[in-house]
Every structure is written in C-alpha cells, then in structure tokens.
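In: predicted model, plus sequence, below.
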Amino acid sequence: MVRRTGAETREEIRSAATRLFRERGYARTSVRDIAALAESNPALVIRHFGSKELLFLDAMQLTIDDEPLLDVPPAEFGERFVARLLADDDVRGVYLALVRGSHEPQIKERLRTIHEHTFVGPLRARLTGPDADLRARLAAAVVGGLLYALWVVGDAQLVAADPRELVTRYGALLQQLITPDGRA
C-alpha cells in the first residue's frame, strides 16, 4: 500500500464521502463506510473533518453563481434556468443529499444559505420594483417545488414527461413570477 500525504488522504475521504452521501444520503452513510471506501481509518475521517456532519457540509456544495445563467437578461431567465437545472446531474445529487440530511441543524442551515445566497439574493439583485424580493422568493419556491416533485417524490408523470415540455411550461411559470407584465 502506497503511503499518502495528509492532503491526499483528506481528498480521498472527501471524494468517498461525496459519492456515498449522494448515493445513500446523510443518515444511511456511516463514517466507517466512508473510511472503507477511502481506504482509510475512521479516526482519520474525524481527525480531518471533525464530524460526519462537518464532512457532509464540506462535501456537499451547491452553487449556481459561477454559471452564466445569472448574466441572462431577466426576460429570458425562466426557460434557460429550468433547462440548466434539469440537465445538471450534479445539482440533483447535491440537492437530494442536502434534503435527506436536512433534519440536522447545520445541514438545514446550509440549505437555507444556498436558498438565500445562491438563488434568491442574486436574482433579487437583478430585479426592480417594490416587490423584487417577493418575486425572487416565489421563483425560488417554484424551482424548489419542481425539484421536490421530480427528485424527492419521483412524480411518475413528471419524470416521464418530455424534458422540453417541462422546460417550456415550468420556464414560463418561473418567468411569469420574475417578470410579471414584462418588467424586470
């Protein structure tokens, strides 16, 4: 067995944790399982990350602010955002892992932070009018509803629907919230 550096061990643990949390969720993934997949010792998992919860938070990152979508004019945002969201398996895996672990206070707070800083805040900053905050929050709720129906509940009709139709219809719904009466 080749001896790894501390940084290599840490990265192997993070990689193993990411895989298992996405596949099994937070509750069904143990520190021992992570250590076994990383070919490491459970004590090293805790030494590098402090706790299973902290490792989860480190491994499960969800951001869209590095996406070009936030540069899309508000009048075109709806369909483009839904299309991007549905095409990204990484978003699905992280979203499901976070939802599955949301009974843990720090994970629930991470979901809240993602909601506020990754979607609501950047969108609100691009909107005008006295109801910009409400429109951004309603848009986030609509997106959350779609993700819940598809990925948590597994609504068979929606899962089987033509993705282009979902993008068109859900995109139009999202767009109506963002730009009612054509205003940004």
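Out: Thanks, I have it.
In: and the helix or strand harbouring Ala140, what's buried?
Out: Counting by DSSP states H and E, the element that carries Ala140 is helix 132-147. Neighbour counts using 16 or more other C-beta atoms under 10 Å place 132, 135-140, 142-143, 146-147 of helix 132-147 among the buried residues. Every residue, glycine included, has its C-beta placed from N, CA and C.
In: neighbours of Arg80, just the number please.
Out: Arg80 has 18 neighbouring residues, counting by other C-beta atoms under 10 Å.
In: check Phe119 too.
Out: Applying other C-beta under 10 Å, we find 22 residues neighbouring Phe119.
In: same question, Ala75
Out: 12.
In: that one contacts Thr179, correct?
Out: Yes: counting by C-beta atoms under 8 Å, Ala75 does reach Thr179; the two are 5.5 Å apart.
In: on that earlier part again, and of the buried residues of helix 132-147, the nearest to Ser51?
Out: Leu147 (27.2 Å; C-beta to C-beta).
In: neighbours around the closest residue to the closest one other than its chain neighbours, how many?
Out: Leaving aside its sequence neighbours, Leu147 sits nearest to Tyr95 (C-beta to C-beta, 6 or more residues apart in numbering; 5.7 Å). Close neighbours of Tyr95, defined as other C-beta under 10 Å, add up to 23.
In: any idea of the pLDDT on Tyr95?
Out: Looking at Tyr95, its pLDDT reads 78.
In: who touches the lengthiest helix in the chain?
Out: Identified as the longest helix of the chain according to DSSP state H is helix 6-24. Identification of contacts with helix 6-24 by C-beta atoms under 8 Å, 6 or more residues apart in numbering yields 4, 29, 33-35, 37-40, 44-45, 48-49, 55-56, 58-60, 93-94, 96-97, 101.
In: perfect, I'm done here.
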